[in-house]
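this one's structure only:
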């Protein structure tokens, strides 16, 4: 089947139902999905998109949490197989895990399955061709999505007072305060009434309320560090230590692990495959946070940040060859047309 997004917020029409991609253009995992859409040759009219502004906390709106209780982006809402006919009331399911979204998009458009498709672009199969390749692919994706390494924390990290002050007084500080205010508003605002009694507000669902309270606590903890002073060493020092470990140790281990797993020039060899999409967006984010751009010099920016300008460690040749191949792809140039993120 082809991907056919339909926004549940839009009025019903007589057209074939579409899927809707909820995403943010500066989100790492959203980039993974956008790269997949490009590489699979989906037409822009085959799916709908809705931007969820994570910098303003829109991903914690109760209406979005009902789709994705984690509040993460992206989310892909797709019509079920049995309700593709326009005359039948449509049912939808939300796919909230980026790995599952990529696999769904890969399977939904192929040379043998182009139901309702409008695009004439090639539909290459991105799934690993062999069991051995599938095993390597799983290892690479597991390295990139390991719970111990959070790409968002890399963005927020500060290794000293100077870095912390710059981030607290810049866009990240603004973002944290905007998210704080958004969550407080969602918790204070009653939800819409039911169809039977529209004038009577319904309380937040207990799961939604719990998530909002947890996110509120997480945000408050980060803001307490960002708003701290030099005398607040009990707050700052653990944050500085974690930031140093993230840059000086965790990133080295990940890059070194990738060097051992990559076949070259792409992760599994000569052909682009699913793990490449995850790796492209991951490296792009790391290069961006390191102050680099979408070129080979971007890797030097990462090396400089990891070694604090002292040298002694370099990104391996296989990762370099991978990045060189990745930045030349049309999908990369389209998704990152406005710069890395």
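Nice, I can see it. All values derive from a computational prediction rather than experimental measurement.

which residues touch residue 104?
Counting by C-beta atoms under 8 Å, 6 or more residues apart in numbering, residue 104 touches 76, 78, 95. In this view, the C-beta of every residue, glycine as well, is placed from N, C-alpha and C.

and the residues you listed as CSV, adding neighbour count and secondary structure?
Shown next, in CSV, are those (neighbours: other C-beta atoms under 10 Å; DSSP: H, G, I helix; E, B strand; the rest coil):
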residue, neighbour count, secondary structure
76, 26, strand
78, 24, strand
95, 20, strand
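
Among these, which one lies nearest to residue 24?
residue 76 (13.7 Å; C-beta to C-beta).

thinking residue 290 is in contact with residue 302, fair?
Yes - counting by C-beta atoms under 8 Å, residue 290 touches residue 302, with 4.5 Å between them.

Looking at these two, which is more packed in?
Set side by side, residue 290 and residue 302 show more neighbours around residue 302, with 24 against 20, by other C-beta atoms under 10 Å.

mind checking pLDDT for the more buried one?
What the model reports for residue 302 is a pLDDT of 97.

Hmm, residue 252 and it touching each other?
No - applying C-beta under 8 Å as the test, residue 302 and residue 252 come out as separate, 10.2 Å apart.

got the contact list for residue 35?
277, 280-281, 331-332, 335.

just to revisit the earlier point, identify the residue with the minimum pLDDT among the contacts of residue 104.
residue 78 (92).

Distance check, it against residue 177.
35 Å (C-beta to C-beta, to the nearest Å).

Show me what counts as buried in stretch 314-325.
Neighbour-count burial for stretch 314-325, counted by 16 or more other C-beta atoms under 10 Å, picks out 315, 318-320, 322-323, 325.

what do you get for stretch 63-75?
Applying 16+ other C-beta under 10 Å to stretch 63-75 flags 64-65, 67-68, 71-75 as buried.

and what of stretch 233-243?
Using 16+ other C-beta under 10 Å as the test for burial, stretch 233-243 gives 235-236, 239-240, 243.

Give me the contact list for it.
153, 157-161, 163-164, 224-225, 228, 230.

and that stretch, how far from the chain's centre?
Relative to its chain's centre, stretch 233-243 lies at 26 Å (C-alpha atoms, centre = their mean, to the nearest Å).

repeat for stretch 25-35
The chain centre lies 5 Å from the centre of stretch 25-35; the measure is C-alpha atoms, centre = their mean.

Tell me where the model's unsure across this structure.
Where the chain drops to pLDDT under 70, the residues are 1-16, 81-90, 112-118, 191-202.

just the contacts of residue 35 now: which is nearest residue 181?
For those, the nearest to residue 181 is residue 281 (28.9 Å; C-beta to C-beta).

If we go by neighbour counts, what in the host helix or strand of the closest one is buried?
Secondary structure assigned from DSSP states H and E places residue 281 in helix 274-289. Counting neighbours by 16+ other C-beta under 10 Å, one finds that the buried residues in helix 274-289 are 274-289.

Of those residues, which is the nearest to residue 18?
residue 277 (21.9 Å).

residues touching the closest one, list them.
For residue 277, the contacting residues are 32, 35-36, 39, 102, 126, by C-beta under 8 Å, 6+ apart.

Next: residue 65.
Each residue near residue 65 by C-beta under 8 Å, 6+ apart is listed here: 71, 208, 211-212.

Any idea how far stretch 120-139 is from the middle of the chain?
Worked out by C-alpha atoms, centre = their mean, stretch 120-139 lies 20 Å from the chain centre.

same deal with stretch 239-248?
For stretch 239-248, the distance to the chain centre is 22 Å (C-alpha atoms, centre = their mean).

Kindly report the same for stretch 183-192.
26 Å.

And for stretch 282-300?
Taking mean C-alpha positions (C-alpha atoms, centre = their mean), stretch 282-300 and its chain are 17 Å apart.

got it, and stretch 212-224?
Using C-alpha atoms, centre = their mean, the offset of stretch 212-224 from its chain centre is 20 Å.
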